[in-house]
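> heads up, no residue letters with this:
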């Protein structure tokens, strides 16, 4: 939980800006966005297929064309 208390002589706008700074520095927004949807784990077969495709494209990109 992130909170900010108002300091003496601090305006409401400054308080909101200080709170937003603390909130974004804590990186809670990324955690909240990541947990927003339930994503199933990738199956072993799908991982292997993705690896094969990745190696194929790496091989194509490593060739030098003149």
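Received the coordinates, thanks. None of these values were measured; they are calculated from a predicted model.
> which SSE is residue 57 in?
helix 44-62 (DSSP states H and E).
> contacts for that helix, please.
Helix 44-62 is contacted from outside by residue 42, using Cβ atoms under 8 Å, 6 or more residues apart in numbering. Glycine gets a C-beta too; all of them are placed from N, C-alpha and C.
> any idea how far residue 14 lies from residue 31?
Noted for residue 14: a distance of 26 Å to residue 31, by Cβ to Cβ, to the nearest Å.
> should've said residue 3
17 Å.
> neighbour count: the two, which is higher?
residue 31 (10 against 6; other Cβ atoms under 10 Å).
> which strand or helix spans the more buried one?
Counting by DSSP H and E, residue 31 is part of helix 28-34.
> how many neighbouring residues does residue 35 have?
Neighbour count for residue 35, taken as other Cβ under 10 Å: 9.
> so for the chain, the centremost residue is which one?
residue 30 (4.8 Å; Cα atoms, centre = their mean).
> tell me the predicted confidence for that one.
pLDDT, residue 30: 88.
> quick one: least confident helix or strand in the chain?
The weakest-scoring helix or strand in the chain, judged by mean pLDDT, DSSP states H and E, is helix 28-34 (a mean of 88).
> list of residues touching it?
For helix 28-34, using Cβ under 8 Å, 6+ apart, the contacting residues are 2, 23.
> mind doing that once more with 7 Å?
Helix 28-34 is contacted from outside by residue 2, using Cβ atoms under 7 Å, 6 or more residues apart in numbering.
> which stretches of the protein have low pLDDT?
Scanning the chain with the threshold set as pLDDT under 70 gives 64-66.
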